[in-house]
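Enquirer: next one to model:
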Amino acid sequence: MTTIDEIQGLFEARGHEQYSGEPVTQLQHALQTASLAEQAGADDELVTAALLHDLGHLVRDLGATPTLRGVDDLHQYIALPFLRGLFGERVLGAIQGHVDAKRYMCATRPGYREALSADSERSLALQGGVFDAGEAAAFIARPGASEAVQLRLWDDLAKSADAVTPPLAHFLARARRCAR
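Expert: As a prediction, this is how the structure comes out:
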């Protein structure tokens with residue numbers, strides 16, 4: 001298990017790195033995703049999941065754009081051991097589910113796949129591809145799946161080089177409120 005201070009340190013140490021194939025840094029992407037969740041009226045747990053959904057990219061350094069080398073970094077799982085014990089299943093479930101939410105939306109929402117960035121399209125293939133009808137039905141029936149889908153939608157929008165967000169400290173305060 002990690003602490004909020006260690007999460008802050010990880011963002012301070014590696015948050016300046018480019019978010020693969022996008023015009024934002026890892027920190028900008030995290031802050032934008034959390035800000036979109038907050039603007040939508042999400043509670044502390046879902047805002048925290050939005051902030052930390054890609055923390056696995058920072059926990060394990062695989063270099064720039066691992067998808068170009070055919071590597072799925074499994075980021076939706078990598079951060080979970082660090083966050084388990086600090087946050088409850090609702091936060092962890094949304095983080096873990098946001099990749100499957102992409103696979104689900106590609107299967108169920110016309111035009112969604114076509115709007116993916118090149119890196120997101122590459123990662124989709126590495127993550128198992130688009131769900132078939134049975135996989136999509138099984139995913140959306142899981143507890144927390146609708147929240148993972150909502151997180152994914154914020155994730156998709158959080159790639160603007162010019163977006164203005166509250167600072168990391170603002171969202172870490174929300175994280176502290178829902179920490180165990």
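
Enquirer: my guess is Ala34 meets Thr165, correct?
Expert: Yes: when contacts are counted by C-beta atoms under 8 Å, Ala34 is listed as touching Thr165 (7.5 Å). For glycine as for every other residue, the C-beta is placed from the backbone atoms N, C-alpha and C.

Enquirer: so which of those two has more stuff around it?
Expert: Ala34 (29 against 20; other C-beta atoms under 10 Å).

Enquirer: from Ala94, how far off is that one?
Expert: The spacing between Ala34 and Ala94, counted by C-beta to C-beta, to the nearest Å, is 12 Å.

Enquirer: how long is stretch 139-153 from one end to the other?
Expert: 16 Å (C-alpha to C-alpha, to the nearest Å).

Enquirer: next: stretch 15-29.
Expert: For stretch 15-29, the end-to-end distance is 9 Å (C-alpha to C-alpha).

Enquirer: now do stretch 30-49
Expert: 10 Å.

Enquirer: just stretch 154-164 next, same as before
Expert: Stretch 154-164 has an end-to-end distance of 15 Å (criterion: C-alpha to C-alpha).

Enquirer: now do the buried residues in that stretch.
Expert: For stretch 154-164, burial by neighbour count (16 or more other C-beta atoms under 10 Å) applies to 154-156, 158-159.

Enquirer: quick check, Ala136 in contact with Thr108.
Expert: Yes: assessed by C-beta under 8 Å, Ala136 is found in contact with Thr108 at 5.6 Å.

Enquirer: show me the strands in the protein, by range?
Expert: Applying DSSP state E to the chain gives no strands.
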